[in-house]
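Chemist: what follows is a predicted structure for the sequence shown.
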Amino acid sequence: MSPLAIALLLACADKGGDDSGSPADGGATDGGGTTDGGGTTDGGTASELQVLDVTATVSEHVVTVVRVSWTTAEETTGWVEFGETSAYGLTTATTAAGTTHEALLVGMPADTEVHFRVHVEGAGSSGQSEALTITTGSLPSGLPTFSVTGDPATQWSYQVIPTQGTSYAVVMVDAQGRIVWYDQLPAEGNLMRAVLSHDRQHMIYCLAGPQNDLASGSVEWVSLDGAERTNVPFPYIDHDMVELPDGTITGIVVTQAPEGSPYVGKTADRLVELSPDGTLREIWSAWDQVDFSKAHVDHEFNMTHGNGLDYDPVEDVYYMSAKALGTIFKIDRATGETIWQLNGMLNQFAFPKGTEIVQMQHQFQLLPDGILIFDNGPQDRGYSRVVELELDQDALTAEQTWEYIRDPSVYVFAKGDVHRFDDGTTQVVWSASGEIQNVDDAGTVHWQLNTELGQAITFVQVLDNLYVR
Amino acid sequence: MSAEPAALALFLLLACGTGSDDDSGATGDGGATGDGGGGADGGTDGGAPTDGAVLLTDAHNYSFSGVLDGPSFPLAELADSTISWGGLTEDLQCHALDPVADIDNVALMVFPYLTEQEVEQGLSTDTLEQVDVAVYLSVEPGDATEIHLSDLTFFGTQADIQTEFEAGSGAWLVVFTTGDTVGVGSRMIAFLTPTPGETATHAEVTDGCEVLDVDVSIDHAEPVLVDEGEAGALDWSGLTLTAQGQPFEPLSVSEILVARYDTQTVADLEARFLDIELLADGLWTMPHQSGTSADLSGLVDAQGAPFPGWQAGGTWLLALRCGTCPNPAPLFLAVVQPG
């Protein structure tokens, strides 16, 4: 089944969702004293359009998520404003035109009274329900816990954080470190990345499977109310994936050397797309595009060790980090050709003399005039850092313009992530060390999240909102 | 190579449950209410106390402090030293241990900015964070009772950690565990100390009886008063501190335990705290999924028989436990008085 079909199916299935449609415990009452007896409200106020049959239910799978449904007598669109106080502050996406509607309230912490109000618009008129409340449930035991210091960041609202260790989970937290969404996973899945989909309907997981059984790799879609999950095999996907705006999933895929290659028995990476119609398409192959005779990686089993992937829809190009080579590739999606190779054994850029080389890097972010790289560094260097390089992609020159080393320093032996915010501050994810920092260009830490002992972080997704506008 | 975590569990005072298979966990189906309608929603949210439940407070809680003093082995710098445990026949709880059959995993953690004493203190008080650990390596020894430092890998990837075994590189902690569940099953600890001028290249880890010293006070706390003959329900939404004085984290509670002792007094149990499960004449447990309350009718014994309810006579203990905490000493433990 294609991911698109899956998505459509899930969208339909969601309507049946986790609630039976029966009146929620306690029922819903309107403040005006009229109750329709069915746990719902005929909540219209003085506006012309009436909002009918408002029902709210906490998801049994994700107890921080609330499903709100309502009807209108005539065709309308609608949305829900909601929040932790009667001032609300959040709004859902607008529903499609119709007479029956529903929306998920996502972004609320556990054990919290959620205030909400439904708004509808029809032909020339509008309406709203009364002000309503519902209380989210208690988080399940065993989820990771975080400590947060500093001022809540203003550059983001939520972060998707996969954790590994004493608990394997994907959680979404707010700036206070409160869990607003969660999914506990089996360790065997070997989660590499989790992202909220572009359409904001699903969380998507890159599951590599056990390292000795990468054939079991897969991509999984989980609806935000946790009621539906669909797993699509994606054999040998490893380390990273990216979702394209049309829902295509592109993965780094570990591949044996072709017959006749001098490297038979070794592996290297390809980029493979899983399109919404379910077809797989190879975009790029290291066996075609990398001259390993110049790379001096004969000792490596995976001679590229791709470990970070980004996509730029403007140029329609991929960027892939290859840890074994120390190189970041820019790849033309349309032709599958390598456009340039930055850093490491296959570097094509000119650096000023004395520049400290980036090594064992993981995630990176292309900037308008450069690139931000999480530089794990070699083990014997003993520390990891974040490096910003100014790039001239025409002249193929690179110059380090900024670096950040934690004080005291840490060495991150696996993963590592970076993100530059619009205001120039930077998020650094010290993955294996279980720490996320928001720092300014002077290295001052403004916000920090730490995990308990035994809890590591993989790659992190930064979100400014949870709904498609 | 995937990012596997650094993790450990020390102080295996009690078997660590990790929750049930029941993932219903549904709470708070509270329905929508109009403003002013309130929000009673099933009683397992973190808000108002559950009706009819026995309220647990900090005044009921025992106090616990543990002092770890693991053996420290001065070893030659940069040497591929050996670590053996063939003589390790009693673990840090002073319980019998088979060095071949019971040690399934040997892990090494390096804390670059902490001393050995600070690591021990942090483990004792559950105050270490992941960022304190720079290196986590492990090996599954099979039937062997000796490894080289070079045998330790990062989940299969060679680490050659001996090349970094130098003075000033922090505290090097070795943890011997039963089972391969992350965070559970630690049986013994030891420190390897890179020492300038030292020529020894072998660490022989033996008896663990002297490693752990616990100080427990149960008797000072108020007993929990319950109705005789009933299982009843608990509500711990009012707890603010663990037995170690750390902030009480509701998410950490993964198991509830009730124990009955026909002859042991509270003083007896304080003195033999590491054996409180072994000493029990009746023992019932139940996993806890979420929230800050529980109906004790879910308690069962090892044979699956349900908890018959509180009975007069004997000594009764009630505990809330954390299955993934580095220190699995109960977060909460109290004497229960049926009446």
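Modeler: Everything's here; your move.
Chemist: so who does the nearest residue to residue A:177 once chain neighbours are set aside touch?
Modeler: Spatially, and ignoring its direct neighbours in sequence, residue A:177 is nearest to residue A:148 (3.6 Å; Cβ to Cβ, 6 or more residues apart in numbering or on different chains). Bear in mind the C-beta positions are built from the backbone N, C-alpha and C, glycine included. Residues near residue A:148 by Cβ atoms under 8 Å, 6 or more residues apart in numbering or on different chains: A:175, A:176, A:177, A:447, A:448, A:449, A:450.
Chemist: in these, find the pair that's most separated.
Modeler: Maximum pairwise distance among these (Cβ to Cβ): 14.4 Å, between A:175 and A:450.
Chemist: so what's residue A:281 closest to, chain neighbours aside?
Modeler: residue A:273 (4.8 Å).
Chemist: then the one you found would be within a strand, right?
Modeler: Yes: membership of residue A:273 in a strand is supported by DSSP: H, G, I helix; E, B strand; the rest coil.
Chemist: make a markdown table out of the contacts of residue A:148 and add neighbour count.
Modeler: Listed next are the contacts of residue A:148 as a markdown table, based on neighbours: other Cβ atoms under 10 Å in any protein chain shown:
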| residue | neighbour count |
| --- | --- |
| A:175 | 19 |
| A:176 | 11 |
| A:177 | 21 |
| A:447 | 21 |
| A:448 | 18 |
| A:449 | 23 |
| A:450 | 23 |
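Chemist: mark which of the residues you listed are part of strands, please.
Modeler: Among the contacts of residue A:148, the subset assigned to strands under DSSP state E consists of A:447, A:448, A:449, A:450.
Chemist: mind listing what the third one touches?
Modeler: To tie it back to what came earlier, the one meant is residue A:449. Applying Cβ under 8 Å, 6+ apart, the residues contacting residue A:449 are A:146, A:147, A:148, A:173, A:177, A:435, A:436.
Chemist: any of these buried? List them.
Modeler: Among the contacts of residue A:449, those buried by neighbour count (16 or more other Cβ atoms under 10 Å in any protein chain shown) are A:146, A:148, A:173, A:177, A:435, A:436.
Chemist: what pairs with the fifth one across the strands?
Modeler: On DSSP bridges, the residues paired with residue A:435 through beta bridges are residue A:430, residue A:450.
Chemist: helix, strand, or coil at the nearest residue to residue B:266 once chain neighbours are set aside?
Modeler: Leaving aside its sequence neighbours, residue B:266 sits nearest to residue B:219 (Cβ to Cβ, 6+ apart; 4.9 Å). Here residue B:219 is recorded as coil under three-state DSSP.
Chemist: gap between stretch A:295-304 and the chain center?
Modeler: A distance of 30 Å separates the centroid of the chain from that of stretch A:295-304, by Cα atoms, centre = their mean, to the nearest Å.
Chemist: quick one: it near chain B?
Modeler: No: Stretch A:295-304 does not reach chain B (Cβ under 8 Å from any Cβ of the partner chain); its nearest approach is 9.1 Å.
Chemist: next, the buried residues of that stretch.
Modeler: For stretch A:295-304, by 16+ other Cβ under 10 Å, it's A:295, A:297, A:300, A:302, A:303, A:304.
Chemist: and what of stretch A:428-448?
Modeler: A:428-439, A:446-448.
Chemist: with stretch B:154-169 instead?
Modeler: Buried, per 16+ other Cβ under 10 Å, within stretch B:154-169: B:154, B:159, B:161, B:162, B:164, B:165, B:169.
Chemist: now do that stretch, average pLDDT.
Modeler: Across stretch B:154-169, the average pLDDT comes to 86.
Chemist: can you map out the strands along the stretch 201-350 of chain A?
Modeler: Under the criterion DSSP state E, counting those that start in this stretch, the stretch 201-350 of chain A contains strands at A:202-207, A:218-223, A:229-233, A:237-243, A:249-256, A:267-274, A:280-285, A:306-312, A:317-322, A:327-332, A:338-342.
Chemist: if we can go back for a sec, with pLDDT added, can I get the buried ones among the contacts of residue A:449 in CSV?
Modeler: Compiled in CSV, the buried ones among the contacts of residue A:449 are given as follows (pLDDT from 0 to 100):
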residue, pLDDT
A:146, 93
A:148, 95
A:173, 97
A:177, 94
A:435, 97
A:436, 97
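Chemist: quick check: the farthest pair among these?
Modeler: The farthest-apart pair in the buried ones among the contacts of residue A:449, when distances are taken by Cβ to Cβ, is A:173 and A:435, at 13.6 Å.
Chemist: could you dump stretch A:236-255 to CSV, C-alpha only?
Modeler: Taking C-alpha atoms only, stretch A:236-255 is exported to CSV below (Å, rounded to 0.1, in the frame of the first residue of the first chain):
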residue,chain,number,x,y,z
TYR,A,236,18.5,-1.3,4.6
ILE,A,237,17.4,2.3,5.4
ASP,A,238,19.9,3.5,8.1
HIS,A,239,20.8,6.6,10.0
ASP,A,240,18.5,9.1,8.4
MET,A,241,15.6,10.0,6.3
VAL,A,242,13.9,13.2,5.1
GLU,A,243,10.3,13.8,4.1
LEU,A,244,9.8,15.9,1.0
PRO,A,245,6.9,18.3,0.8
ASP,A,246,4.8,15.9,-1.3
GLY,A,247,5.2,13.2,1.3
THR,A,248,8.0,11.3,-0.5
ILE,A,249,10.4,9.7,2.0
THR,A,250,14.0,9.7,1.1
GLY,A,251,16.3,7.4,3.0
ILE,A,252,20.0,6.6,3.3
VAL,A,253,20.2,3.0,2.2
VAL,A,254,23.1,0.7,2.9
THR,A,255,24.1,-1.3,-0.2
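Chemist: show me where the stretch 1-150 of chain B has helices.
Modeler: If DSSP state H, counting those that start in this stretch is used as the criterion, the helices of the stretch 1-150 of chain B fall at B:116-125.
Chemist: so where's it uncertain?
Modeler: Along the stretch 1-150 of chain B, the model assigns pLDDT under 70 to residues B:1-50.
Chemist: what segments of it are strands?
Modeler: Using DSSP E, counting those that start in this stretch, strands in the stretch 1-150 of chain B cover B:33-34, B:54-55, B:63-68, B:72-76, B:82-84, B:105-111, B:135-139, B:146-148.
Chemist: quick one: the helices in the stretch 151-300 of chain B?
Modeler: B:266-271, B:276-279.
Chemist: do you know which of the ones you listed lies nearest residue A:411?
Modeler: helix B:276-279 (39.9 Å).
Chemist: one step back: nearest to chain A, of the strands of the stretch 1-150 of chain B?
Modeler: Each of the strands of the stretch 1-150 of chain B has some distance to chain A by Cβ to the nearest Cβ; the shortest is strand B:33-34, at 3.8 Å.
Chemist: pull the most distant pair out of the contacts of residue A:449.
Modeler: Farthest apart among those - using Cβ to Cβ - are A:173 and A:435, which lie 13.6 Å from each other.
Chemist: quick one: contacts for residue 145?
Modeler: Reading this off chain A. A:451, A:452, B:249, B:251, B:252.
Chemist: ah, no, chain B please
Modeler: For residue B:145, the contact set (Cβ under 8 Å, 6+ apart) comprises B:84, B:85, B:86, B:88, B:99, B:100, B:103.
Chemist: residues touching the last one, list them.
Modeler: If you count contacts by Cβ under 8 Å, 6+ apart, residue B:103 has them with B:85, B:88, B:97, B:141, B:145, B:176, B:177, B:178, B:187.
Chemist: try the first one
Modeler: Taking Cβ under 8 Å, 6+ apart as the contact definition, residue B:84 lies against B:145, B:146, B:147, B:202, B:203, B:204, B:205.
Chemist: go with 6 Å
Modeler: By Cβ atoms under 6 Å, 6 or more residues apart in numbering or on different chains, the contact list for residue B:84 reads B:145, B:146, B:204.
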